[in-house]
Structures are given as C-alpha cells and as structure tokens.
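Novice: sharing a model that was predicted from the sequence below.
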Amino acid sequence: MTWPDFVLPETPFRTYFTLLLERGARPAIYLEGVRLACNFVTVAHGLTMLSSISPIDAYACFSHGLFLTATGNGREVEAVNATFWDLVPSFEAANTVGELVMYHISRLHAEGTRLWNRSWRFVVSPDCLGRCSYGACCRNCFFYWYARELCIFY
Ligand SMILES: [Zn+2]
C-alpha cells in the first residue's frame, strides 16, 4: 500500500485492481473508498465503501472518520472514533495509520478538483480544543486535527 497510484482509472494496472476489488480484497476496498471519497461527485459512494470494512480495518476506519469529519458529519464520527481506538494498539500506532492515509489521499486526489478547503464544515467542535493542539491532541479530537490538515493543505 505504499504506492497507490495503480488504482487510478487511467493506469494499465486498473484491470488487475478491479479484479482485486471484485474479490473483496480489503486493501483494494480501502484504496478505492479513499479514491472515491477524494472526489466530491463520488464522496458518498466512497464513504459507503469505507464504512463496509471500517469496523475491522484501521486504515478504512481512519479514513471513514476523517472524511465524515471533513464533510461536516461530526456526530457520526463519535462511533467511528470509538471503533478506531479499539483497532489501534497505541496513540503512536494511530498516528502511523493517519500519516499513511494522508499520504494515500495526496496520491489519489488526482481525479477531479480538490475542494476540501471549501467544505470545511466541522459543526461539532471538540470540547477539548482549547487544551489540545495539532501534534498534542487527545483521542477526542484526533480526527479533527487531521480533517483540518486535509481541508487546509489538500
Ligand atoms: Zn483533544
């Protein structure tokens, strides 16, 4: 999963990737979910794909929570957030998952216009915002800071 460009539709690897997808390979579902969620036209479909494996896959779970947060569905994030912390053994592991997902997003955003910065609608602000910050956050606001990064820099 270190070089996800092969999932993009215009590459010659797409046929093979589609086969993996049809056979229900979890990394394929995760990458396709992220790719679709990166595009505003297909974001709902992407979220549905991610949610299908979110309870059992830390990468899918993180991206599910991230895109829910970045699209203003803050209340739905609570359950996903709880699941995510069950899937990762430590805060450090959570950040490792987060960083890899952010890298995948940066590689997969090629399709369509990136407009996350215009979609910044985090309606439910974490109540720990004053005490926490990027790089020194808690489990409650973990998705908030990544979503903020997504909306500002991606
Ligand atoms: Zn916090």
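Specialist: Received, thanks.

Novice: what residues does this structure have near the ion?
Specialist: Counting by C-beta under 5 Å from the ion, the chain comes close to the ion at 128, 132, 137, 138, 140, 141. From N, CA and C alone the C-beta is placed, and that goes for glycine too.

Novice: for stretch 81-93, the distance to its chain's centre please.
Specialist: Relative to the chain's own centre, stretch 81-93 is displaced by 14 Å; criterion: C-alpha atoms, centre = their mean, to the nearest Å.

Novice: quick check: mean pLDDT of it?
Specialist: Taken as a whole, stretch 81-93 has an average pLDDT of 97.

Novice: quick one: end-to-end distance for it.
Specialist: End-to-end distance of stretch 81-93 (C-alpha to C-alpha, to the nearest Å): 14 Å.

Novice: and if you look at stretch 35-51?
Specialist: 14 Å.

Novice: what's the average pLDDT for that stretch?
Specialist: Rounded mean pLDDT across stretch 35-51 is 91.

Novice: swap in stretch 16-30?
Specialist: Mean pLDDT, stretch 16-30: 94.

Novice: excluding its own residues, what touches it? List them.
Specialist: 1, 6-7, 31-32, 49-50, 52-53, 56-57, 59-60, 63 (C-beta atoms under 8 Å, 6 or more residues apart in numbering).

Novice: that one: which residues count as buried?
Specialist: Within stretch 16-30, the residues scored as buried using 16 or more other C-beta atoms under 10 Å are 17, 20, 21, 28, 29, 30.

Novice: ok, now how distant is the last one from residue 144?
Specialist: Which is residue 30. To residue 144, residue 30 is 22 Å away according to C-beta to C-beta, to the nearest Å.

Novice: kindly report the same for the fifth one.
Specialist: Applying C-beta to C-beta, one obtains 26 Å for the distance of residue 29 from residue 144.

Novice: for residue 7, same thing?
Specialist: 28 Å.
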